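Enquirer: next come a sequence and a model predicted from it.
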Amino acid sequence: MGTYNLPRSVKGEGRILFIFTGKSMLYTVGAGTFGLIFYFIFRAMGLTMVGIVITVIFAVLGFIIGTLKMPNLAKFKFAQKTGGENLDDIIRRAIKFRTKGRKIYIYREEEKNG
């Protein structure tokens, strides 16, 4: 009898520390670093625990933004249009929309009736 290799799922093997993808790790570290600013401010006031809690909250928010996708909810208009997209892409597009003066340019090719 010969040996046979069984196929296996390798989808999650590119993850760091099992729950972090590369993108979610960057967002977590970035938001946690931003939270450290508040930690040092509160530590100077003698409220070290408050600073730690705020830093952890920022890190969790960074993880959520880097990992989750917008659910497709039929009840809300904004969720119908953005359902299934990554949260960081939605936030990036919203910031770009605000900085460009709330204008969206759509380029269409005109139909030729000939």
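Expert: Received the coordinates, thanks.

Enquirer: what's the domain layout of this structure?
Expert: Following automatic domain parsing, the chain resolves into domains at 18-68, 70-106.

Enquirer: those: lowest mean pLDDT?
Expert: Lowest mean pLDDT within these: domain 70-106, a mean of 73.

Enquirer: list the buried ones in it?
Expert: Met70, Thr82, Asn86, Leu87, Asp88, Ile90 (16 or more other Cβ atoms under 10 Å). Using the backbone N, CA and C atoms, a C-beta is placed for each residue, glycine as well.

Enquirer: stretch 37-55 too?
Expert: Buried residues in stretch 37-55 (16+ other Cβ under 10 Å): Phe38, Tyr39, Phe42, Gly51, Ile52, Ile54, Thr55.

Enquirer: packing partners for the helix or strand containing the first one?
Expert: Counting by DSSP states H and E, the element that carries Phe38 is helix 22-44. Using 3 or more Cβ pairs under 8 Å, 6 or more residues apart in numbering; DSSP states H and E, the elements in contact with helix 22-44 are helix 48-67.
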